[in-house]
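Enquirer: sequence unknown, structure follows:
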């Protein structure tokens, strides 16, 4: 029996996870607008790493507890190079915090396997951040045996197709190509959630043909449990095939309807419209 939205919002997380089943298995979650989110709370950048880490774990855990098995997060791309060496250093330190004690405790407690994809090793090494590469490599090895959840983090995965073409020469089929690139088998994506200017980047080779796309107006770290539950309700119960429509329609029924934009630049930056 299909619940109403008010009923859905009162269910426990375990009940929603059970209902979702495979339909919530793989989710792409874009972590957009982190600087705008942080500046909305404080201007003191010495707290950025700790605050952003807490927010990142919160929304990721929220997804896991609502039935998500595999969470894919494109995190950093080559656009960082245009922001100067100091910003790149801050970004490298933020990524290195994934291998810190707080994150590692969370990964162990929740049994989260961490996989890093993209050209991250070369990008960091070429700029002198060899220690960051070593820390992250140890992290992936340390979490390799965990199987309850997975976290796939994209770092410099927008480098183009040359590296993918090289990998493809050794892969006999599409599934093994995806596995070689991401480090694990990745099934079809069920949901794509982001904020700000809607874009699809840093998720090469993934099957997103039947994914439902959702974009928040606020930066991703502002997402609440109610926001997520409304997204899941829409995905599970509202996305119906148009072939089921039985209403008699005429051409006049389609006149004078508004055009919905994909995004708009405002004083708060890009927001989904």
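Expert: The structure has been received and is ready for your questions. This one's a predicted model, so the numbers in the text were calculated from it and none came from an experiment. Numbers count the residues shown, from 1 in each chain.
Enquirer: Phi, psi for residue 213 please.
Expert: Dihedral pair for residue 213: phi -110, psi 130, per degrees, to the nearest 10.
Enquirer: May I have the beta-bridge partners of the residue nearest in space to the middle of the chain?
Expert: Centrality entry for the chain: nearest residue to the mean C-alpha point is residue 29, 1.9 Å, by CA atoms, centre = their mean. With DSSP bridges as the criterion, residue 29 is bridged to residue 193.
Enquirer: show me what contacts the spatially closest residue to residue 122 that is not a sequence neighbour?
Expert: Take residue 122 and drop its neighbours on the chain: the residue closest to it by CB to CB, 6 or more residues apart in numbering is residue 156, 7.8 Å away. In this view, the C-beta of every residue, glycine as well, is placed from N, C-alpha and C. The contact partners of residue 156, by CB atoms under 8 Å, 6 or more residues apart in numbering, come to 76, 77, 78, 118, 119, 120, 122, 123.
Enquirer: Include pLDDT and secondary structure when you put those into JSON lines, please.
Expert: Compiled in JSON lines, the contacts of residue 156 are given as follows (pLDDT from 0 to 100; DSSP: H, G, I helix; E, B strand; the rest coil):
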{"residue": "76", "pLDDT": "89", "secondary structure": "strand"}
{"residue": "77", "pLDDT": "87", "secondary structure": "coil"}
{"residue": "78", "pLDDT": "87", "secondary structure": "helix"}
{"residue": "118", "pLDDT": "93", "secondary structure": "coil"}
{"residue": "119", "pLDDT": "92", "secondary structure": "coil"}
{"residue": "120", "pLDDT": "94", "secondary structure": "helix"}
{"residue": "122", "pLDDT": "92", "secondary structure": "helix"}
{"residue": "123", "pLDDT": "92", "secondary structure": "helix"}
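Enquirer: Dump the residues you listed into JSON lines; add neighbour count as well.
Expert: What follows is those, written out as JSON lines (neighbours: other CB atoms under 10 Å):
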{"residue": "76", "neighbour count": "22"}
{"residue": "77", "neighbour count": "18"}
{"residue": "78", "neighbour count": "15"}
{"residue": "118", "neighbour count": "25"}
{"residue": "119", "neighbour count": "18"}
{"residue": "120", "neighbour count": "24"}
{"residue": "122", "neighbour count": "13"}
{"residue": "123", "neighbour count": "22"}
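Enquirer: Closest to residue 220 out of the residues you listed?
Expert: residue 76 (14.2 Å; CB to CB).
Enquirer: need the helices for the protein, in chain order.
Expert: 5-10, 13-20, 34-39, 48-65, 85-96, 101-110, 120-125, 130-142, 162-168, 174-182, 225-233 (DSSP state H).
Enquirer: which one of those lies closest to residue 201?
Expert: Nearest to residue 201, of the helices of the chain and by CB to CB, is helix 162-168 at 14.2 Å.
Enquirer: Residues touching that closest one, excluding its own?
Expert: 119, 177, 180, 181, 204, 205.
Enquirer: on that earlier part again, mean pLDDT lowest for which of the helices of the chain?
Expert: Ranked by mean pLDDT, the helices of the chain bottom out at helix 34-39, with a mean of 79.
Enquirer: Pull out the buried positions in it.
Expert: Within helix 34-39, the residues that count as buried by 16 or more other CB atoms under 10 Å are 34, 36, 37, 38.
Enquirer: dump the residue contacts of residue 53.
Expert: Taking CB under 8 Å, 6+ apart, one finds 97, 102, 103 in contact with residue 53.
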